[in-house]
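[1] Structural data only, the sequence is not supplied:
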């Protein structure tokens, strides 16, 4: 009997966890970065999170320094629809002109939450060209996202991508490109869950060390919804 009871208890724990994760996914939203969110974002950076999947800890340290120097200026650059911000630093140390874009933070709970497992869970960015022309070679897709390691595999990236696709549609984009790495099956699943279609395997170019990437396209003709 003890064996049956243990199996039942394990099943009940799993069911409770699954219900909680479904509820969390439904509660995930995108917020426009503001002063009320900045403390949680800074704490995530200090804990080891980086919004840059390629430059990693270097990018995180740069952002911590920017926040310390001028938090309002840091927040202001999160929305740059004219591409007027400073040049973008590339992995090889060179810089490239910035294109129009915006960034939203992936948020769980309300703005003032103090729950340990809520608040900031990641960031997602949208980029586009002013005239609707193809992205320049150094820009690896219209959308990029990164979830904090301690909140991964809970469906947050899938939900956040769905929300930002609505923003892309509002900007008049008919389709978006998203790239990922061949070994990153988790990211591939996120893209595919949102209607992504793999169109090619490609060379990322010299600034990325000629690494191999996968390019997906998501058509936006059926995308609708509201995002912040």
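    Yep, it's here. Since the model is a prediction, treat every value here as computed from it, not as a measurement.

[2] Could you list the buried residues of stretch 94-108?
    Within stretch 94-108, the residues that count as buried by 16 or more other C-beta atoms under 10 Å are 98-108. C-beta coordinates here come from the backbone N, C-alpha and C atoms, glycine included.

[3] Looking at the residues you listed, which one is closest to residue 132?
    Distance to residue 132, by C-beta to C-beta, is smallest for residue 100 among the buried residues of stretch 94-108, at 11.0 Å.

[4] In contact with the closest one: list those residues for me.
    If you count contacts by C-beta atoms under 8 Å, 6 or more residues apart in numbering, residue 100 has them with 80-83, 127-130.

[5] Then residue 106?
    When contacts are counted by C-beta under 8 Å, 6+ apart, residue 106 touches 28-30, 120-124, 145, 147, 156-157, 160.

[6] do the same with residue 146
    With C-beta under 8 Å, 6+ apart, residue 146 has these contacts: 49-53, 122-124.

[7] filter these to the buried ones?
    Neighbour-count burial (16+ other C-beta under 10 Å) is assigned, among these, to 49-52, 122-124.

[8] Turn those into JSON lines, columns for pLDDT, distance to residue 170 and secondary structure.
    As requested, these are arranged in JSON lines below (pLDDT from 0 to 100; distance: C-beta to C-beta, whole Å; DSSP: H, G, I helix; E, B strand; the rest coil):
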{"residue": "49", "pLDDT": "97", "distance to residue 170": "28", "secondary structure": "coil"}
{"residue": "50", "pLDDT": "97", "distance to residue 170": "28", "secondary structure": "coil"}
{"residue": "51", "pLDDT": "96", "distance to residue 170": "23", "secondary structure": "coil"}
{"residue": "52", "pLDDT": "95", "distance to residue 170": "25", "secondary structure": "coil"}
{"residue": "122", "pLDDT": "97", "distance to residue 170": "21", "secondary structure": "strand"}
{"residue": "123", "pLDDT": "98", "distance to residue 170": "19", "secondary structure": "strand"}
{"residue": "124", "pLDDT": "98", "distance to residue 170": "15", "secondary structure": "strand"}
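
[9] would you turn the residues you listed into CSV with distance to residue 61?
    Conversion of the buried ones among the contacts of residue 146 to CSV gives the following (distance: C-beta to C-beta, whole Å):
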residue, distance to residue 61
49, 12
50, 9
51, 12
52, 11
122, 18
123, 16
124, 21
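
[10] Appreciated, that's everything.
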